[in-house]
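> how does the following fold in three dimensions:
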Amino acid sequence: SQQGTKTSRFLFVDLAGSERVKKSGVGGLGMAEAVATNKSLSALLRVISSLATGDPPIVPYRDSALTQLLKQSLGGNSCTSVVVTMSQGRRGDE
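As a prediction, the model looks like this:
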């Protein structure tokens, strides 16, 4: 019997800066980074929704660099884990 080759890939994606831009008070480069991160997270949501529902039938991986990077981990024969760390919003920040 032939033995198959298994490969693995470890991707660590730090999405620090994904926040509500108006309430955080960031400006300049920090604001641009937060906006870009939030756009990537929106694209990731569209990809995951498309994979889960099949609608639209073509998964929009090309919508962001993040979704292109995660394409192999999200579709096909993959085992993917996601770790989310977040802090609870203060009263009035919700």
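> the host helix or strand of Val35 packs against which elements?
Following DSSP states H and E, one finds Val35 within helix 28-53. Applying 3 or more C-beta pairs under 8 Å, 6 or more residues apart in numbering; DSSP states H and E, one finds that helix 28-53 makes contact with helix 21-24, helix 65-69, helix 71-74. Bear in mind the C-beta positions are built from the backbone N, C-alpha and C, glycine included.
> next, format these as JSON lines and append mean pLDDT, mean neighbour count and distance to Pro57.
Listed next are those as JSON lines, based on pLDDT from 0 to 100; neighbours: other C-beta atoms under 10 Å; distance: least, C-beta to C-beta, whole Å:
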{"stretch": "helix 21-24", "mean pLDDT": "69", "mean neighbour count": "13", "distance to Pro57": "33"}
{"stretch": "helix 65-69", "mean pLDDT": "91", "mean neighbour count": "16", "distance to Pro57": "16"}
{"stretch": "helix 71-74", "mean pLDDT": "87", "mean neighbour count": "16", "distance to Pro57": "16"}
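> would you turn those into TSV with distance to Val35?
TSV is the format used below for those (distance: least, C-beta to C-beta, whole Å):
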stretch	distance to Val35
helix 21-24	6
helix 65-69	14
helix 71-74	23
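> of those helices, which is nearest Gly54?
helix 71-74 (14.1 Å; C-beta to C-beta).
> who touches the closest one?
Arg9, Leu11, Val47, Ile48, Leu51, Tyr61, Thr67, Ser78, Thr80 (C-beta atoms under 8 Å, 6 or more residues apart in numbering).
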